[in-house]
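Visitor: 3D model of this:
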Amino acid sequence: MRGVVLGGTSSGVGKTVATLAVCRALADDGVDVRAGKAGPDFIDPSHHRAVTGHPSRTLDPWLEGEAGVRRNFHRDDADCRVVEGVMGLYDGTVSSTADVAAVLDVPVVLVVNAAAGMESVAATALGFREYAAETGQDVDVVGVLAQQAHGGRHADGIREALPDGMTWFGRIPPSGNLEVPERHLGLHMGDEEPLPDGALAAAAEHVRVDRLREAAREARRPETAADTGEATGQRVAVARDPAFGFCYPATRERLRARADVTTFSPVAGDPVPDCDGVYLPGGYPELHAADLAASGTLDDLGARAADGLPVLGECGGLMALAESLTTDGETHAMAGVLPAEVEMRDRYRALDHVELRARDDGALTAPAGTSVRGHEFHYSEATPGRDARFAFDVVRGDGIDGDHDGLVEHRTLGTYTHVHAASGAFDQFVEALDGRD
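Guide: Numbers count the residues shown, from 1 in each chain. Next up is the predicted model:
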């Protein structure tokens, strides 16, 4: 598959809208297009899927390793993948957009906010290209896509100022209809607030598809194939609803490859399915706390967990497995499996790539003494009880108390850390199941 990375000059420059417009423009030109996201985000990929109709692949060397990034890039059979960057092109201590472009060996189109600039946009692009050469990074900045750029003299001024070797890939015109509402953790999800089709189609008309198709090149492939593993015959129930929507496509696919997967909705009050293990992904339980407390599903889950059913909860899943969740001044009873009380805060409590070291085999997702990598981003704060037991020591990141992550009770594990399937954590989880009802 061929590819191109849309890297920004900074956060908030409009990379998501630019990515959606480019995907729409390529599709309108007959290209079978897929999207990707540099970094560990769950939200932007939901908008990618709303436009392309296909899963957007997470591409993060810290979470997946270089081979994992390459495998995930080539996972689908299509013509081209458009990868949205994270933050500014070179930002990120362990995993930047530039790192992803270098791992894949695909070109970078720089997304620049041109609302108040012309020649300076060209100077900015030149600086980003030359910075790679100065630092020795293998990053190929091939041109500019101008956000918030008018046509006529404005666009002409930018295009004519670009140095030799830098391509004009078009512009995204200013439009109040090309804005996605924000909340804590980022934008609203793609199935909640998709961009209006007409506004996106109008923006796509100003993208130079011919030049993008010419610039895109085949991404580097992994040297070794992934370990496919064998189906275990176990049955895993995965929570899937607006409260538990942060699940990588590769995770769902890996679970289906190793186990029989069924889904249920705690928000809707579904009973916990007959299964050998439960996975509660992250999401927004704080937005649905009253419904969760009243649904009965968490009571059912608490009873099943007390009987020894293995349960894995990540971030939002950890919050739902706790004793209580306080948000907007109201406290709601949760599943009561893990000895902790959780409260939402006004500012985020952790945002980082994470490395954890398993303390014992009760970790469910990693053998004792081994490490697993992931990421954390949450506004909630968990206060563990005095008798709390932890599965992991934190090597990098914050975890639950700064030193530990992974609360353990019965055969239940709740972490603030999200992990990717390429880490092997979900293989470990499935293999830990013993088939009990």
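Visitor: make it CA atoms for all contacts and neighbour counts henceforth
Guide: Noted.
Visitor: give me the below-cutoff pLDDT ranges for the stretch 201-350 of the chain.
Guide: 227 (pLDDT under 70).
Visitor: can you do 90?
Guide: By pLDDT under 90, the low-scoring segments of the stretch 201-350 of the chain are 223-229.
Visitor: please enumerate the strands of it.
Guide: Along the stretch 201-350 of the chain, counting by DSSP state E, counting those that start in this stretch, strands occupy 217-218, 235-239, 260-264, 277-280, 311-314, 324-327, 330-333, 340-344, 350-358.
Visitor: now those strands in JSON lines, with distance to Pro194 and mean neighbour count?
Guide: Compiled in JSON lines, these are given as follows (distance: least, Cα to Cα, whole Å; neighbours: other Cα atoms under 10 Å):
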{"stretch": "strand 217-218", "distance to Pro194": "29", "mean neighbour count": "18"}
{"stretch": "strand 235-239", "distance to Pro194": "23", "mean neighbour count": "24"}
{"stretch": "strand 260-264", "distance to Pro194": "24", "mean neighbour count": "17"}
{"stretch": "strand 277-280", "distance to Pro194": "25", "mean neighbour count": "27"}
{"stretch": "strand 311-314", "distance to Pro194": "26", "mean neighbour count": "27"}
{"stretch": "strand 324-327", "distance to Pro194": "27", "mean neighbour count": "22"}
{"stretch": "strand 330-333", "distance to Pro194": "30", "mean neighbour count": "16"}
{"stretch": "strand 340-344", "distance to Pro194": "27", "mean neighbour count": "21"}
{"stretch": "strand 350-358", "distance to Pro194": "26", "mean neighbour count": "21"}
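Visitor: now render these as a markdown table, adding distance to Ala290.
Guide: Converted to a markdown table, the strands of the stretch 201-350 of the chain look like this (distance: least, Cα to Cα, whole Å):
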| stretch | distance to Ala290 |
| --- | --- |
| strand 217-218 | 49 |
| strand 235-239 | 17 |
| strand 260-264 | 18 |
| strand 277-280 | 18 |
| strand 311-314 | 19 |
| strand 324-327 | 10 |
| strand 330-333 | 6 |
| strand 340-344 | 14 |
| strand 350-358 | 25 |
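Visitor: the ones you listed: which one's closest to Ala368?
Guide: Ranking those by proximity to Ala368 (Cα to Cα) places strand 350-358 first, at 4.9 Å.
Visitor: which strands and helices sit next to the closest one?
Guide: strand 371-378, strand 389-396 (3 or more Cα pairs under 8 Å, 6 or more residues apart in numbering; DSSP states H and E).
Visitor: can I see the domain layout of this structure?
Guide: Domain assignment of the chain by automatic domain parsing yields the ranges 2-218, 235-432.
Visitor: among those domains, which comes closest to Thr228?
Guide: Of the domains of the chain, nearest to Thr228 by Cα to Cα is domain 235-432, at 8.0 Å.
Visitor: restricting to C-alpha, output the helix or strand hosting Val408 in CSV.
Guide: Using DSSP states H and E, Val408 falls within strand 404-409. Extracted in CSV, the C-alpha atoms of strand 404-409 (Å, rounded to 0.1, in the frame of the first residue of the first chain):
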residue,chain,number,x,y,z
HIS,A,404,2.0,1.5,40.5
ASP,A,405,-0.8,0.6,38.0
GLY,A,406,-3.1,-2.3,37.7
LEU,A,407,-5.4,-2.8,40.7
VAL,A,408,-6.1,-6.5,41.3
GLU,A,409,-9.0,-8.2,43.0
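Visitor: that one pairs with which strands, and in what direction?
Guide: According to DSSP bridges, strand 404-409 has the following sheet partners: strand 389-396 (antiparallel), strand 412-415 (antiparallel).
Visitor: give the buried residues for the first one.
Guide: Counting neighbours by 16 or more other Cα atoms under 10 Å, one finds that the buried residues in strand 389-396 are Arg389, Phe390, Ala391, Phe392, Asp393, Val394, Val395, Arg396.
Visitor: any idea how far it is from the chain center?
Guide: Centroid displacement of strand 389-396 relative to its chain, using Cα atoms, centre = their mean, to the nearest Å, is 22 Å.
Visitor: quick one: that strand to strand 371-378, angle?
Guide: Interaxial angle of strand 389-396 relative to strand 371-378 (axes from the mean of the first three to the mean of the last three Cα atoms, to 10 degrees): 90 degrees.
Visitor: got the angle for strand 389-396 vs strand 350-358?
Guide: Using the same axes, to 10 degrees: strand 389-396 against strand 350-358 is 120 degrees.
Visitor: show residues contacting strand 389-396.
Guide: 353-360, 362-363, 402-409, 413 (Cα atoms under 8 Å, 6 or more residues apart in numbering).
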